[in-house]
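Student: only the shape, not the letters, is given here:
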């Protein structure tokens with residue numbers, strides 16, 4: 001397996017955080033008979049000493065990761081609002097007649113775009129998620145966004161005005177395949193729009209719990225700009241977003257003639273001011289993360305001796321926390337998604353239950369593993385009189 005940097009191809013890459021053998025973040029188990037056959041994978045996070053790209057180089061086969069995907073975006077209300085706003089933003093700024101989204105999930109962006117009169121196309125690697133999108137009468141196909149798909153799509157539908165990918169681009173071991181496909185399908189004056197979890201928020205909020213196997217790369221504006229430039233795309237706009245605890249949206253053209261926005265320049269300066277693209281920054285970060293994990297583990301283990309403790313939110317973050325901190329004592333994890341409830345957590349095999357079970361049994365402590373949605377969770381469960389806890393940015397009880 002290659003140990004070269006995914007952007008600059010340098011061999012000077014170094015592990016700055018070693019999380020050991022971990023289960024797949026979305027590897028929820030249907031029943032107890034599958035416990036013994038569960039596979040764990042090495043999870044080391046690398047920094048490139050040349051360009052400072054943060055990346056996982058021990059990539060898991062995408063067929064394993066995405067064949068039976070457990071995250072349907074439209075079940076998360078804050079994401080629905082985000083993509084409705086994003087759809088309107090695209091129409092207001094670029095007025096496209098046509099848009100293709102790769103990694104489109106269940107059509108959470110395509111649905112509002114279709115209502116706004118845009119001709120939409122989508123492709124996603126997960127058959128079960130594509131079926132959900134198709135049941136909404138959306139033009140979505142199952143597969144990977146690469147040159148073969150692009151040529152096939154071009155012959156039938158022609159080029160498109162916008163190509164977008166939200167929280168999907170960074171999941172790819174070979175991003176150049178996506179960019180080559182985008183070159184084929186994007187109109188000459190079209191726009192490539194990418195949203196991904198941002199290295200700046202990873203650093204600021206110590207979001208180590210998003211560093212799991214499917215999130216192969218955490219881009220800064222500097223590193224994504226370098227990668228796109230290598231493939232003939234030039235970033236002219238960048239916006240910081242609240243999505244997924246902190247993301248970056250970049251817009252790029254086929255040429256470097258488009259003026260860069262004020263927001264783009266502000267983020268460039270921000271990265272310089274916090275030395276975000278300095279390898280030493282990330283080596284220090286790795287040491288700090290290990291201390292965070294140890295603190296949460298020790299405190300919750302101590303509380304578990306005399307109290308019932310549950311977790312809330314069975315997303316990828318939960319898998320990271322319960323396994324890294326060895327929270328085998330959790331009685332249950334609450335989640336409203338039918339793709340996860342009534343299954344078992346990866347690694348610890350904690351049962352996942354619907355919120356009605358939470359209301360019935362009322363645990364003493366509830367550890368909000370989906371901490372970036374803590375306000376929404378507390379609002380939805382305002383009856384709860386026990387103690388809430390969130391692990392980030394700092395361990396808190398309230």
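Tutor: Looks like it came in fine. This structure is a prediction, so every number in the text was calculated from the model and none was measured.
Student: just name the shakiest helix or strand of this protein by mean pLDDT.
Tutor: Between all helices and strands in the chain, the lowest mean by mean pLDDT, DSSP states H and E belongs to helix 62-66, at a mean of 72.
Student: need the contact partners of the strand or helix carrying residue 183.
Tutor: If you go by DSSP states H and E, residue 183 is part of helix 175-185. Taking contacts as C-beta atoms under 8 Å, 6 or more residues apart in numbering, the residues outside helix 175-185 that touch it are 6, 100, 102, 144-147, 149-151, 153-154, 159-160, 163, 165, 169, 172, 192, 217, 227-228, 230-233, 254. Glycine gets a C-beta too; all of them are placed from N, C-alpha and C.
Student: at 7 Å what do you get?
Tutor: Contacts with helix 175-185, where a contact means C-beta atoms under 7 Å, 6 or more residues apart in numbering, come from 6, 100, 102, 145-147, 149-151, 153-154, 159-160, 163, 169, 172, 192, 227, 231-233.
Student: likewise for stretch 335-352?
Tutor: With C-beta under 7 Å, 6+ apart, stretch 335-352 has contacts from 23-24, 27-30, 35, 38, 70, 72, 75, 313-314, 318-319, 322-323, 327-328, 330, 332-333, 353-355.
Student: those residues in helices, which ones?
Tutor: Secondary structure assignment by DSSP state H places 318, 319, 322, 323, 355 of these in helices.
Student: buried among the residues you listed? Need that as a selection in ChimeraX.
Tutor: Applying 16 or more other C-beta atoms under 10 Å to the ones in helices among the contacts of stretch 335-352, the buried members can be selected in ChimeraX as follows:
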select :318,319,322,323
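Student: for the ones in helices among the contacts of stretch 335-352, which one is nearest residue 204?
Tutor: residue 318 (21.4 Å; C-beta to C-beta).
Student: quick check: that closest one touching residue 371?
Tutor: No. Here residue 318 lies out of contact with residue 371, judged by C-beta atoms under 7 Å, at a distance of 9.9 Å.
Student: returning to that earlier point: helices and strands around the following helix or strand past the least confident helix or strand of the chain, which ones?
Tutor: Per DSSP H and E, helix 62-66 leads on to helix 77-94 as the next helix or strand towards the C-terminus. When contacts are defined as 3 or more C-beta pairs under 7 Å, 6 or more residues apart in numbering; DSSP states H and E, helix 77-94 sits against helix 110-115, strand 160-166.
Student: at 10 Å what do you get?
Tutor: Identification of packing neighbours for helix 77-94 by 3 or more C-beta pairs under 10 Å, 6 or more residues apart in numbering; DSSP states H and E yields strand 98-102, helix 110-115, strand 160-166, strand 186-197, strand 234-241, strand 247-253, helix 374-380.
Student: returning to what we had before: pull out the buried residues from the contacts of helix 175-185.
Tutor: Using 16+ other C-beta under 10 Å as the burial test, the contacts of helix 175-185 include 6, 100, 102, 145-146, 149-150, 153, 159-160, 163, 169, 172, 192, 227, 233 as buried.
Student: can you lay out the ones in helices among the contacts of stretch 335-352 as JSON lines showing pLDDT?
Tutor: JSON lines is the format used below for the ones in helices among the contacts of stretch 335-352 (pLDDT from 0 to 100):
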{"residue": "318", "pLDDT": "97"}
{"residue": "319", "pLDDT": "97"}
{"residue": "322", "pLDDT": "98"}
{"residue": "323", "pLDDT": "98"}
{"residue": "355", "pLDDT": "97"}
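Student: and the ones in helices among the contacts of stretch 335-352, which two are furthest apart?
Tutor: Of all pairs in those, the most separated under C-beta to C-beta is 323 and 355 at 23.2 Å.
Student: now do stretch 91-108: distance to the chain's middle.
Tutor: 18 Å (C-alpha atoms, centre = their mean, to the nearest Å).
Student: check the model's average confidence along the helix holding residue 183 for me.
Tutor: In this model, helix 175-185 has a mean pLDDT of 97.
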